[in-house]
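**Student:** let's see this in three dimensions:
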Amino acid sequence: MTTKEIMEISPIVPVIALDDVQNAVPLALALLEAGIHIMEVTLRTEDGLKAIEKIAKIVPQMQVGAGTVVNKKDFRYAIDAGASFVFSPGINQELMDYSIKKGVTFIPGVATASDIMMAQNNGFYYCKLFPATTVGGVSALKSFAGPFPKMKFCPTGGINLKNVKDFLQLDNVLCAGGSWLVPKSAIQNKDFNLITQLSKEALNAIT
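**Tutor:** As a prediction, the model looks like this:
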């Protein structure tokens, strides 16, 4: 799939940190039940890669990607685990070059005009704005639309049920990433019905 196709799978991309790989498949199924067919599993935990591998093998209808990828080693591990795309909180030449070499969808994180210029100059027109609300949120994205008309974004960081619609109404935003759909307490308590409910509420709020 192209980067554009991946970012158009769902208007909301759940961002998940999993401490227990046993919760990976039930969580993926809970999101699918709500109508969300994409998820970003971060590499912030020891079980992150194991979770990606398990979801990729057992729940193939879910597009699972790796998040918090900050170097080439992490990128390689994410690919080997079965990630179909990679998110990074930032941007550097090493990650861009490696993604091109491997032919794997890479969505770098940008926060400034200089970051966006670096992405564009390397042929990356689909980026994560991170941390979105901290670096200007909706106002920043509106400002970027003028000098960077070809760029499309997935704002992540500080996104919640109250502001997600404001982001998604922008022409240069294809989707938004958020963790409020998947509260850590709900995962730990194995309350996957709550996650389905929160995900449905989020989708209903933007329609």
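
**Student:** so which bits of stretch 28-48 are buried?
**Tutor:** For stretch 28-48, burial by neighbour count (16 or more other CB atoms under 10 Å) applies to 28-32, 34, 36, 38-43, 45, 47-48. The way it works is simple: take the backbone N, C-alpha and C, and place the C-beta from them, glycine included.

**Student:** out of these, who's nearest Asn204?
**Tutor:** Ala34 (10.0 Å; CB to CB).

**Student:** tell me who's in contact with the closest one.
**Tutor:** Ala34 makes contact with Ile195, Thr196, Gln197, Ser199, Lys200, Leu203 under the criterion CB atoms under 8 Å, 6 or more residues apart in numbering.

**Student:** give me the element the fourth one is part of.
**Tutor:** Mapping Ser199 onto the secondary structure by DSSP states H and E places it in helix 192-205.

**Student:** keeping just the C-alphas, turn that helix into CSV.
**Tutor:** The C-alpha atoms that make up helix 192-205 are tabulated as CSV, following Å, rounded to 0.1, in the frame of the first residue of the first chain:
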residue,chain,number,x,y,z
PHE,A,192,-11.6,-4.5,25.5
ASN,A,193,-15.3,-3.7,25.3
LEU,A,194,-14.5,-0.3,26.7
ILE,A,195,-11.9,0.2,24.0
THR,A,196,-14.5,-0.7,21.3
GLN,A,197,-16.9,1.7,22.9
LEU,A,198,-14.4,4.6,23.0
SER,A,199,-13.4,3.9,19.4
LYS,A,200,-16.9,4.0,18.2
GLU,A,201,-17.5,7.2,20.1
ALA,A,202,-14.5,8.8,18.4
LEU,A,203,-15.6,7.7,14.9
ASN,A,204,-19.1,9.0,15.6
ALA,A,205,-17.8,12.3,16.8
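
**Student:** related to what we said a few turns ago, and the buried residues of stretch 28-48, which two are the farthest apart?
**Tutor:** Farthest apart among the buried residues of stretch 28-48 - using CB to CB - are Ala34 and Leu43, which lie 24.2 Å from each other.

**Student:** by neighbour count, which of the contacts of Ala34 wins?
**Tutor:** Ile195 (25 neighbours; other CB atoms under 10 Å).

**Student:** and that one, how close does it get to Ala145?
**Tutor:** 33 Å (CB to CB, to the nearest Å).

**Student:** now swap in Ile38 and tell me
**Tutor:** 24 Å.

**Student:** run through this protein and note the low-pLDDT ranges.
**Tutor:** Within the chain, no range satisfies pLDDT under 70.
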